[in-house]
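Trainee: Quick check, what structure comes out for this input:
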Amino acid sequence: MSNFVIPSVLRESATGISRVSIDDILLEKREVYLTSEIDDASATEFLKVLNFLEHDCGGSEITIYISSPGGVVNAGLAIYDYMRAMKSPITTVCIGNACSMGAIIFLAGDRRLVMPHSEIMIHDASFGSANFSGLKPGEIQVKADSLLETSKLLREIVAERTGQPLKKVTAAMKDDSFYKAEEALKFGLATEIVREV
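Mentor: Below is the predicted model:
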C-alpha cells in the first residue's frame with residue numbers, strides 16, 4: 001500500500017483562503033490522468049471526466065497523460081470512440097507505458113506525445129482469463145471468431161491512426177510489439193517526443 005498522499009495547495013479567493021487538491025487544479029487546466037487498468041468501472045469514471053470537460057468550455061484543448069497496462073477491450077473502445085467524437089482537440093501523452101488498450105486510447109489523441117523513456121506496446125486481442133470449461137466446440141468457435149473480429153478491428157484502428165499499411169500492422173500485432181520513443185515516432189504511433197515540459 002502506498003503512503004504517498006496527493007498534496008493540496010492553498011488558494012486565495014474572494015471568500016478567503018482554502019485548500020484545493022492538485023487534481024482539481026489540473027482539471028481546471030483540462031489535464032487528466034489515465035494510469036490504471038482499464039475495466040468497466042475505470043472507463044465509466046474516465047468517461048464522466050471527459051464528458052464534463054467536453055461540455056465545460058468545449059473546444060478548448062484537453063491533455064490526457066497515459067500510463068496504463070491496458071485492460072478490457074470493450075471498455076477501452078468506449079473511451080477511444082468518445083475521444084474521437086469529441087470536438088475538443090486532444091493531446092495524449094505517454095508518461096510510462098501505454099500497453100494494449102492503453103495504446104489504443106493513446107492513439108485517439110490528435111497530437112500524441114511520448115516521453116523519451118516511455119514505451120508503447122501493441123498486440124492482438126486475447127481471451128485473458130476466460131474460462132472455457134464446460135463449453136462445447138461450437139461455443140468455443142463462436143468465441144474464437146469474435147476474438148478474431150476484435151483483433152481485426154484493433155489492427156484497423158492502429159493502421160488508420162499510424163498511417164501504416166494494414167499488412168505491416170497485422171504482422172506487428174501478432175506478438176507483443178514494444179516501441180521505445182524513437183521507434184514509436186517512426187512507426188507513427190506517436191507524433192512527437194517530449195523534449196521539455
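Trainee: low-scoring stretches of the protein, by residue?
Mentor: Along the chain, the model assigns pLDDT under 70 to residues 1-6, 58, 128-132.
Trainee: Strands along that one, start to end?
Mentor: Applying DSSP state E to the chain gives strands spanning 8-13, 16-21, 31-34, 62-68, 90-99, 111-114, 119-122, 177-180, 192-193.
Trainee: Using PDB, write out the CA atom coordinates for the second one.
Mentor: This file holds the C-alpha atoms of strand 16-21, laid out as PDB (Å, rounded to 0.1, in the frame of the first residue of the first chain):
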ATOM      1  CA  GLY A  16     -10.800  33.600   1.800                       C
ATOM      2  CA  ILE A  17      -8.100  31.000   1.800                       C
ATOM      3  CA  SER A  18      -9.000  27.400   1.100                       C
ATOM      4  CA  ARG A  19      -7.200  24.100   0.300                       C
ATOM      5  CA  VAL A  20      -7.600  22.900  -3.200                       C
ATOM      6  CA  SER A  21      -6.500  19.400  -4.400                       C
END
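Trainee: for that strand, the distance to its chain's centre please.
Mentor: Offset of strand 16-21 from its chain centre (CA atoms, centre = their mean, to the nearest Å): 31 Å.
Trainee: what's the angle between that strand and strand 8-13?
Mentor: Calculated by axes from the mean of the first three to the mean of the last three CA atoms, to 10 degrees, strand 16-21 forms an angle of 150 degrees with strand 8-13.
Trainee: and strand 16-21, which strands flank it?
Mentor: If you go by DSSP bridges, strand 16-21 pairs up with strand 8-13 (antiparallel).
Trainee: neighbouring contacts of the partner strand?
Mentor: If you take CB atoms under 8 Å, 6 or more residues apart in numbering as the criterion, strand 8-13 is touched by 17-22, 25. All C-beta atoms are positioned from the backbone trio N, CA, C, and that covers glycine.
Trainee: again, 10 Å this time
Mentor: 17-25 (CB atoms under 10 Å, 6 or more residues apart in numbering).
Trainee: Now distance to Asp145 and mean neighbour count too, for the strands of the chain, in a markdown table please.
Mentor: Listed next are the strands of the chain as a markdown table, based on distance: least, CB to CB, whole Å; neighbours: other CB atoms under 10 Å:
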| stretch | distance to Asp145 | mean neighbour count |
| --- | --- | --- |
| strand 8-13 | 51 | 10 |
| strand 16-21 | 47 | 10 |
| strand 31-34 | 30 | 18 |
| strand 62-68 | 28 | 22 |
| strand 90-99 | 25 | 22 |
| strand 111-114 | 32 | 22 |
| strand 119-122 | 22 | 23 |
| strand 177-180 | 24 | 17 |
| strand 192-193 | 39 | 14 |
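Trainee: now these in CSV, with distance to Glu160?
Mentor: As requested, those are exported to CSV (distance: least, CB to CB, whole Å):
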stretch, distance to Glu160
strand 8-13, 41
strand 16-21, 37
strand 31-34, 21
strand 62-68, 19
strand 90-99, 16
strand 111-114, 13
strand 119-122, 13
strand 177-180, 17
strand 192-193, 19
